[in-house]
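Novice: Okay, sequence plus prediction incoming.
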Amino acid sequence: MNDQNKPKQKPEETPKTVLGGTSAAKSSSGWKNLFAKRWVSPAIFMAAAAIIVTLMWIYQGADQTSKPTTGKTDTTEVSQGEEATAPEGKGEDTLPVIAGGEQMKWPLTDKAALQVELPFYDEKATDEEREAAVVQTGTSFSPHMGMDFADPDGKTFDVLAALSGKVTHVEQHPTNGNIVEITHEGGLVTVYQSLADIAVEEGDDVEQGTIIAKAGRNELERDLGIHLHYQILNNGKAINPSSLIVE
């Protein structure tokens, strides 16, 4: 038979590729390859853990802000300029009156022969006593932080060291007159003002009862005439002499 008369055969059809199937197969294969790598699973776990911790932190923070504070709050207030006061039983009434084996005495030979011209301003005293212990200077008034002694006849008298100690200050003051200060054991300082005929110098060691000067005059309290202004200081604070000296 002639080849031209042979029936023509249909060419073989090339199988068609389904695009969708091929993409899915490739995607599935890609994920398998990705998860097959060792570092992928730990990385995913760490990322998930971080997200969970962050969500918990946000939730707890919001929960805490919505809850009232249960801790105790210190409501103690201190007013500016308010001076602290010592507890009862720890004030000036309990200060030691004995230093170096000595008991403090009045700086006078005979206190009974003298009179108190100006008392110490004691906040615990009566209104009448406090009024008597106020000093007027011009138009101003101030509490008297010492005791002033004078002879009824206006005579001078000896001024003694109330305790043994060291003379730490001697001064001729323009308004307070001649001043002597003696420092004693325990930090107490006795101050003697309105003096005349001073018999000690700075640096001198004096024994209790030593005559250090005589009573004189000063400009601040010139109306008192001849007198002694006596003061006791404890850490710079004026102390009522009557609270430290046994009569």
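Specialist: Yep, it's here.
Novice: Strands of this protein, start to end?
Specialist: Taking DSSP state E as the criterion, the chain carries its strands at 98-99, 102-103, 115-118, 134-137, 140-143, 147-150, 158-160, 165-173, 177-183, 188-196, 205-206, 211-215, 228-234, 237-239.
Novice: can you pull out the helices in the chain?
Specialist: Per DSSP state H, the chain carries helices over the ranges 19-36, 40-66, 127-132.
Novice: Low-confidence bits of this protein, can you list those?
Specialist: Flagging of the chain using pLDDT under 70 yields the residue ranges 1-100, 247.
Novice: Where do the domain boundaries of it fall?
Specialist: 20-65, 96-243 (automatic domain parsing).
Novice: Deepest-packed of the ones you listed, please.
Specialist: domain 96-243 (a mean of 16; mean count of other C-beta atoms under 10 Å). Where C-beta positions appear, they are placed from N, C-alpha and C, glycine not excepted.
Novice: Can you name the residues bridging to the spatially closest residue to residue 114 that is not a sequence neighbour?
Specialist: Spatial nearest neighbour of residue 114, excluding adjacent residues (C-beta to C-beta, 6 or more residues apart in numbering): residue 149 at 4.7 Å. With DSSP bridges applied, residue 149 shows beta-bridge pairing to residue 116, residue 228.
Novice: Residue 149 contacts residue 118, correct?
Specialist: No - with contact defined as C-beta atoms under 8 Å, residue 149 does not count as touching residue 118 (9.1 Å).
Novice: Which residues are in contact with each of the two?
Specialist: Between them, residue 149 and residue 118 share no contacting residue under C-beta atoms under 8 Å, 6 or more residues apart in numbering.
Novice: ok, the closest residue to residue 169 other than its chain neighbours to residue 129 distance?
Specialist: Closest residue in space to residue 169, ignoring its immediate chain neighbours: residue 181 at 3.8 Å, by C-beta to C-beta, 6+ apart. Going from residue 181 to residue 129 by C-beta to C-beta, to the nearest Å gives 27 Å.
Novice: what does residue 162 give?
Specialist: 23 Å.
Novice: List the residues that contact the closest residue to residue 192 other than its chain neighbours.
Specialist: Nearest residue to residue 192, sequence neighbours excluded (C-beta to C-beta, 6+ apart): residue 180, at 4.7 Å. Residues in contact with residue 180 (C-beta under 8 Å, 6+ apart) are 167, 169, 170, 191, 192, 195, 198, 200, 212, 213.
Novice: Apart from its chain neighbours, what residue comes closest to the fourth one?
Specialist: It refers to residue 191. Closest to residue 191 by C-beta to C-beta, 6+ apart is residue 231, at 4.0 Å.
Novice: okay but that neighbour is in contact with residue 188, surely?
Specialist: No - the pair residue 231 / residue 188 is not scored as a contact, 11.1 Å apart, by C-beta under 8 Å.
Novice: Return the residues in contact with the residue nearest to residue 233 when sequence neighbours are not counted.
Specialist: What sits nearest to residue 233 in space, not counting adjacent residues and going by C-beta to C-beta, 6+ apart, is residue 189, at 4.4 Å. By C-beta under 8 Å, 6+ apart, residue 189 lies in contact with 168, 181, 182, 183, 232, 233, 234.
Novice: you'd agree the third one is up against residue 188?
Specialist: Right, the one you point to is residue 182. No - applying C-beta under 8 Å as the test, residue 182 and residue 188 come out as separate, 9.1 Å apart.
Novice: Now do the shared contacts for these two.
Specialist: residue 163.
Novice: do you know how far residue 171 is from residue 234?
Specialist: 21 Å.
Novice: swap in residue 168?
Specialist: 15 Å.
Novice: rewinding a little: I'd like to know the beta-bridge partner residues of the residue nearest to residue 233.
Specialist: Here residue 189 sits in beta bridges with residue 183, residue 233, going by DSSP bridges.
Novice: Surely residue 170 is in contact with residue 200?
Specialist: Yes - the pair residue 170 / residue 200 is scored as a contact, 7.0 Å apart, by C-beta under 8 Å.
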